[in-house]
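K.L.:
Sequence and predicted structure below; questions after.
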Amino acid sequence: MAKQYEAVTVYAPASMGNVSVGFDLLGAALAPVDGSLLGDRVSVAPGEQGLSLHCCGPYVDVLPAKLEDNIVLRCAEVFIEKLGLEVPGLKLVLEKNLPIGSGLGSSASSVVAALGALNAYFGEPMSQDDLLLLMGELEGMISGSVHYDNVAPSYLGGMQLMLAQRAQPLPSFDNWYWVVAYPGITLSTAKMRALMPQQVDLSIALTFGQQLATFIDASHRQDEAGALAVLKDVVAEPYRAPHIPGYLAARQHLQALGCAAVGISGSGPTLFAVARTRDEADAAAAYLQDHYLLNERGLVRVCRLAQNGIEVSKGEV
């Protein structure tokens, strides 16, 4: 008799890539303080012959029109082929809670939720490190390049620093609130990367390395002032900021409100602001709600870091 598997659902939180100071090397997972979902969920359950996929959620309308083009289905195909699994039938459900091309790690969230659910469903046949590498490869099919600063925090939680073959958790500051605002428009990650030069001046490379090293050191020593002083993007933001409607004005106003740092989440158009008190975070959120959102698809969330990464539960979405 074939082995019977139980349905499982995995939630993968949204993430901020780069976190200003760590282009392609630093990422953080987000958890709204109000308990709302800011991340995709994928269910895996026994199904009829072959693979099937059903999509739902507030951003389902922006997914590819053809199911065969959906990255969740691709994740299942690659996972099954890679492990040589015999699967009589599998039913997948994607609850799309993140806008595409938002800078919130939307494709990474889908990939992490899908592969996390598949791994849990089949009894954890892949190690954490191997699964993370596969997540990066599959997310790269969507973003146009393989990088782990979204998949690693979404999968593992907290703030993650990308090393050569693995991710290293970085201590965070417990009093920080991360206010994120998505204006409601889509910016292609691949196109935003194309805005950047292929090479940068040596002086910029040195500044980048020094700032990232200082931030890592300050995080480990819990030197808040030192970390905030270097939480700036000298690599990507100068080229991307002019192409994000309202970003420069919002950054200036948020700094005037007292936010200790403001940056672009991933490749945008979502921005993030670091606030050190809840009152400061709420004031920043109110301003962004009124002045940064461009349509009803936009969102503003006051967040902490999602320290645990994916959440696995029994049953279907």
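P.N.:
Nice, I can see it.
K.L.:
Low-confidence stretches in the chain?
P.N.:
By pLDDT under 70, the low-scoring segments of the chain are 1-4, 143-145.
K.L.:
Strands of that one, residue ranges please.
P.N.:
8-13, 15-17, 26-32, 39-46, 50-56, 89-95, 159-162, 167-170, 177-182, 261-264, 271-275, 299-305, 311-314 (DSSP state E).
K.L.:
Buried deepest among those strands, which one?
P.N.:
Most buried of the strands of the chain, by mean neighbour count (mean count of other Cβ atoms under 10 Å): strand 15-17, with a mean of 31. No exception for glycine: its C-beta is placed from N, CA and C like everyone else's.
K.L.:
Which residues outside that strand are in contact with it?
P.N.:
24, 26-30, 103-105, 108-109, 147, 149-151, 153-154, 178, 180, 265-267, 270, 272 (Cβ atoms under 8 Å, 6 or more residues apart in numbering).
K.L.:
ok, now with 6 Å
P.N.:
With contacts defined as Cβ atoms under 6 Å, 6 or more residues apart in numbering, strand 15-17 is touched by 27-29, 105, 149-150, 153-154, 265-266, 272.
K.L.:
got it, and stretch 238-251?
P.N.:
Residues outside stretch 238-251 that contact it (Cβ under 6 Å, 6+ apart): 192, 195-196, 262, 264, 268-269, 271, 292.
K.L.:
hmm, which two among these are most spread apart?
P.N.:
Spatial extent of those (Cβ to Cβ) is set by the pair 196 and 292 at 23.2 Å.
K.L.:
And the two? Which one has more around it.
P.N.:
residue 292 (24 against 15; other Cβ atoms under 10 Å).
K.L.:
For the more buried one, which residues are in contact?
P.N.:
By Cβ under 6 Å, 6+ apart, the neighbours of residue 292 are 181, 183, 246, 250.
K.L.:
How about the first one: what's its closest non-neighbour residue?
P.N.:
Looking back up the chat, that one is residue 181. residue 288 (3.9 Å; Cβ to Cβ, 6 or more residues apart in numbering).
K.L.:
Please tell me how far the spatially closest residue to residue 39 that is not a sequence neighbour sits from residue 138.
P.N.:
Nearest residue to residue 39, sequence neighbours excluded (Cβ to Cβ, 6+ apart): residue 13, at 4.1 Å. Using Cβ to Cβ, to the nearest Å, one gets 18 Å for the distance from residue 13 to residue 138.
K.L.:
Kindly report the same for residue 220.
P.N.:
The value you get for residue 220 to residue 138, if Cβ to Cβ is used, is 32 Å.
K.L.:
which of the two has more neighbours?
P.N.:
residue 138 (24 against 11).
K.L.:
Contacts only, for the more buried one.
P.N.:
Listed by Cβ under 6 Å, 6+ apart, the contact set of residue 138 reads 75, 111.
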